[in-house]
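Chemist: no sequence on this one, just coordinates:
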């Protein structure tokens, strides 16, 4: 029997199936993804990276930074915290509710807790536990908040506040999620190190900023120049052993500035519908208004 | 199969003549493909060595933009994959298709032109990567202008492979032909999809990453397995002079491989809807079926006591249906080709099982980001496919040239260097990756400290890179020596024929 046509069909349908599954369907599902709103602030997310940062993405690509750095935060759990923001009007009932929630607390501990607000009463609870606690504490107009807290080794390490989602890469080309963590994950490096000058110095001399870092330096992104009239405001302030001879300075080329701008722009921490998270409210700005 | 068994008129001698003619038709394209493949292997392992030395001294060659780690490392993997694995995989595949079908290789000169285009494409691509013009997608780093040349080169080679397959005289198919025919048209499909949707008309956002993972998995897992297993199922019975234990088990392997392995590759931290990593994980777990089927089939074939009584009942085509040319059985002892291929099968099984176990235990989502994943992919590409191709080339090339390797004893040296190299390259990375996974669970440990603790493992693996480079030099030397010897002998013979008249004794001329 001639199996040639059967063989062709077998290979064709197997590959077509895989193509349909992992090329066509993702494109149908995600290819027209639009900007979304962060929750609850309603800010548009993501916004396109500024021009210099977009150029920096190209420098990141050209020098293969993704060979050693991932940009994917994993999340293995979502837990709830219950936070008491305001005790309301009925202090006695509140204290009773608190003692019900925390049977091992003494009277004075409860009073102390009520004195220092906001107070996190439950940590790492399930949704059901948190709902029950909120019901218990909901007396006399008390304000109880439920915080959603993503968890997992990456988040505990401080590499991100939530898992990475499709929206985070919406405007990037190419998308470089990386496959190896020879160095730290960079999905939120702009949150951890928001100063472009830190990045410039780190690129020029990694071991000045991070002791014993195995990262190669990227001196070809910088140039050594004679100081003409005055020191350039861009010049790196290097420790004496790395500083060039007197009369010279090290200034970043455009590529280095762009790369630093890109790194600073890496912040995938907006709370979204598909990756919820309660961010602590920013501290109220100091004013001269009389206290309420 | 019916012609071969039912026509007693085809004697052994005429069959051997036909085999000689097939080998002759494969000679020039295979010499070009295999020699340039070996050259890329040497170039690739030099890049890999440079990349590896950077873990001893981060300042090593750091001030040259062309040799920064992020460019040298993809240059190394692309030289290995496109320069050697695809090129020599195609060479071995073409020879198998011609031999198994009993047909002359179609248009060998056009295949040679295709091979030259392919090599031009790899050269342009690797230079572009070094110049910072990579695409940013893993295993697809070569830019669009190199991809066009590569694609044309592949079409010129693959098309004649399909024509040769179509002209086969035995209509029944040996299992290797299933694998090879599928591989021939798998690559152009995935390569054109990836290039069109990632480079020419890029899709938006994270879909790029999904397609890049799909491509990379289909290339490094499916394509390489198809070609490697085709060679395994041909050479293991051939070199042991036994029959393949089960033709149907091998066919089953084929089906399970193309159905399940083509769905793998999407990591579980991928920023995509959960069904994609979940589907991918399930499919990867199911690849345990073809992996075990290969292991059992090869094991039972090797274990069979008496080659003669081992005839399996299930299919007439359980052994490669062609005769060995006269008097060549003694040439090039078949121990080392077989040894290379058996090591390759071990690596295939080990790499595949570790992939399955990896996705199963990776619940904390960090294993696939560690050096363990790198070790696993090296074991699959290097331990499996490259080793199988070494064994195949050591078997095929002496037959094409009709003479032995000039340094036949160095095959043993190459085997030891390759085996040792893989062990010393892969095991420290695998152990280090395991430790790295545990360390990543401790959030108090700074990431630079984790990176520092990996350095001893990475430094040991440099030795493996060095062994491999030496082995590749031996391999290239042996191949180049064989080709040189062959053409020198031919030139001498041609010269003798051309000048026979001049040197005839005077009385004969008059």
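Modeler: The structure has been received and is ready for your questions. All of these numbers come straight from a predicted model, not from anything done at the bench.
Chemist: Next, count neighbours for residue 181.
Modeler: Since no chain was named, I'll use chain A. Residue A:181: 26 surrounding residues under other CB atoms under 10 Å in any protein chain shown. All C-beta atoms are positioned from the backbone trio N, CA, C, and that covers glycine.
Chemist: look at chain B instead
Modeler: 25.
Chemist: Work out for me the element it sits within.
Modeler: Assigned by DSSP states H and E, residue B:181 falls within helix B:175-195.
Chemist: After that helix, heading C-terminal, what element do we hit next?
Modeler: Going down the chain from helix B:175-195, the next helix or strand is helix B:207-217, by DSSP H and E.
Chemist: That following helix versus helix B:175-195: what angle between them?
Modeler: Taking axes from the mean of the first three to the mean of the last three CA atoms, to 10 degrees, one finds helix B:207-217 and helix B:175-195 inclined to each other by 160 degrees.
Chemist: from the middle of its chain, how far away would helix B:207-217 be?
Modeler: Distance of helix B:207-217 from the chain centroid (CA atoms, centre = their mean, to the nearest Å) equals 21 Å.
Chemist: Any part of it near chain A?
Modeler: Yes: using CB under 8 Å from any CB of the partner chain, helix B:207-217 reaches chain A at B:207-214.
Chemist: Check the average confidence over that helix, would you?
Modeler: Helix B:207-217 carries an average pLDDT of 96.
Chemist: Tell me the helices and strands packed up against that helix.
Modeler: helix A:25-30, helix B:175-195 (3 or more CB pairs under 8 Å, 6 or more residues apart in numbering or on different chains; DSSP states H and E).
Chemist: other SSEs contacting the first one?
Modeler: Spelled out, that is helix A:25-30. Judged by 3+ CB pairs under 8 Å, 6+ apart, helix A:25-30 is in contact with helix B:207-217.
Chemist: Tell me what angle whichever helix or strand comes after the helix it packs on forms with helix B:175-195.
Modeler: Next helix or strand after helix B:207-217 toward the C-terminus (DSSP H and E): helix B:224-240. Computed with the same axes, to 10 degrees, the direction of helix B:224-240 lies at 160 degrees from that of helix B:175-195.
Chemist: The very next helix or strand once past helix B:224-240 versus helix B:175-195: what angle between them?
Modeler: Following helix B:224-240 in sequence order, the next helix or strand is helix B:247-260 (DSSP H and E). On the basis of the same axes, to 10 degrees, helix B:247-260 is oriented at 10 degrees to helix B:175-195.
Chemist: Please state the offset of helix B:247-260 from the chain centre?
Modeler: Here helix B:247-260 shows a centroid-to-chain-centroid distance of 19 Å under the convention CA atoms, centre = their mean.
Chemist: you'd agree residue B:435 is up against residue B:453?
Modeler: Yes: in this structure, residue B:435 is within contact of residue B:453 by CB atoms under 8 Å, at 7.0 Å.
Chemist: Identify the contacts common to the two.
Modeler: Residues touching both residue B:435 and residue B:453 (CB atoms under 8 Å, 6 or more residues apart in numbering or on different chains): none.
Chemist: circling back to that earlier point, which strands and helices lie in contact with the helix holding residue B:181?
Modeler: The elements that helix B:175-195 packs onto, with contact taken as 3+ CB pairs under 8 Å, 6+ apart, are helix A:4-19, helix B:87-101, helix B:144-166, helix B:207-217, helix B:224-240, helix B:247-260.
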